[in-house]
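Chemist: Requesting a structural model of the entry that follows:
(2 chains)
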Amino acid sequence: SQTIHQWPATLVQPVGSPLSLECTVEGTSNPNLYWYRQAAGRGLQLLFYSVGIGQISSEVPQNLSASRPQDRQFILSSKKLLLSDSGFYLCAWSAPGTGASTEAFFGQGTRLTVV
Amino acid sequence: GEDVEQSLFLSVREGDSSVINCTYTDSSSTYLYWYKQEPGAGLQLLTYIFSNMDMKQDQRLTVLLNKKDKHLSLRIADTQTGDSAIYFCADQFSGGYNKLIFGAGTRLAVHP
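Modeler: Okay, the predicted model is just below:
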């Protein structure tokens, strides 16, 4: 069966510090991978998605970047965090391909607080 | 670009029906989804509907799709306190790669 792991669950970081959130998926190959942010009162915002190793699409210009060094590994990074980067970050995966219905499976999320 | 909109809050009495509404802009949507988020957790798929369907029923859940108006709704019959959560509507963007665009989520509060 497929599983998705996301860590850490909670993170408190000072402004200006770097960030690295990691997400790994097991039990599937070549998944589509997503990073979403859920900010208070703003719902779920798609930040990045990836259809393959090294292929990253950015949805919103911001202080964050994403990388996919391996097929089932997706990393969200920042060189210098801003207060506005605080939020609940969710990693998700879905089956590859186009056209067919696809359920997205979510990790448990990382609560990031920038102080 | 593509967009999905939902009202942010809904309050219902236990035992009543809840109706959560969603509108989307993608004129070529293939699938539309409803996800549920419990407090402090990730999202879980509740149900989905293919764009050539008008209605789908799954136990207490009924999904209605008006493709002409690009309007999707989720009806929860006999709403219980355990249904209290945030409900997200999502559009499978037809531009490729099964990219999912989510609405802001509707917080459903069920009171006795």
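Chemist: hey, let's count contacts and neighbours off CA atoms from now on
Modeler: Will do.
Chemist: any chance you could map the strands in the chain?
Modeler: Because you didn't say which chain, this covers chain A. Under the criterion DSSP state E, strands of chain A are mapped to A:3-7, A:10-13, A:19-26, A:32-39, A:43-52, A:55-58, A:65-70, A:73-78, A:87-94, A:105-106, A:110-114.
Chemist: Sorry, I should have been clearer: chain B.
Modeler: Under DSSP E, chain B gives strands at B:4-6, B:9-13, B:18-24, B:31-37, B:43-50, B:55-58, B:61-66, B:71-76, B:85-92, B:100-102, B:106-111.
Chemist: Ok, which of those strands comes nearest A:Arg72?
Modeler: The closest of the strands of chain B to A:Arg72 is strand B:100-102. By CA to CA, the value is 18.6 Å.
Chemist: ok, B:Ser18 - contacts?
Modeler: B:Val12, B:Leu74, B:Arg75, B:Ile76, B:Ala77, B:Thr79 (CA atoms under 8 Å, 6 or more residues apart in numbering or on different chains).
Chemist: Give the bridge partners for the first one, please.
Modeler: Counting by DSSP bridges, B:Val12 is bridged to B:Val110.
Chemist: Can you pull out the low-pLDDT segments for the chain?
Modeler: I went with chain A, as the question did not name one. In the predicted model, chain A carries pLDDT under 70 at residues A:41-42, A:61, A:97-101.
Chemist: that's the wrong chain, I meant chain B
Modeler: Short version for chain B, where the test is pLDDT under 70: B:1-2, B:94-98.
Chemist: Looking at it, which residue is nearest chain A?
Modeler: Across chain B, the shortest distance to chain A (CA to the nearest CA) belongs to B:Ala104, at 3.5 Å.
Chemist: residue nearest the centroid of chain A?
Modeler: Centroid-nearest residue in chain A, with CA atoms, centre = their mean: A:Trp35, separated by 2.7 Å.
Chemist: distance of that one from B:Gly82?
Modeler: Distance from A:Trp35 to B:Gly82, counting by CA to CA, to the nearest Å: 28 Å.
Chemist: what does A:Thr3 give?
Modeler: 25 Å.
Chemist: more neighbours, those two?
Modeler: A:Thr3 (13 against 10; other CA atoms under 10 Å in any protein chain shown).
Chemist: Please name the residues that touch the nearest residue to the more buried one once chain neighbours are set aside.
Modeler: Closest residue to A:Thr3 apart from its sequence neighbours, by CA to CA, 6 or more residues apart in numbering or on different chains: A:Glu26 at 5.2 Å. By CA under 8 Å, 6+ apart, the residues touching A:Glu26 are A:Ser1, A:Gln2, A:Thr3, A:Ile4, A:Arg72.
Chemist: just B:Asp83 next, same as before
Modeler: Contacts of B:Asp83 (CA under 8 Å, 6+ apart): B:Leu108, B:Val110.
Chemist: likewise B:Arg75?
Modeler: B:Arg75 sits in contact with B:Ser17, B:Ser18, B:Val19, B:Ile20, B:Arg60, B:Leu61, B:Thr62, B:Val63, where contact means CA under 8 Å, 6+ apart.
Chemist: and those, which are buried?
Modeler: The neighbour-count test (16 or more other CA atoms under 10 Å in any protein chain shown) applied to the contacts of B:Arg75 identifies B:Ser18, B:Val19, B:Ile20, B:Leu61, B:Thr62, B:Val63 as buried.
Chemist: from the residues you listed, which is closest to A:Leu82?
Modeler: B:Ile20 (34.3 Å).
Chemist: correct me, but that closest one touches B:Ser73?
Modeler: Yes: using CA atoms under 8 Å as the test, B:Ile20 is close enough to B:Ser73 to be in contact (5.5 Å).
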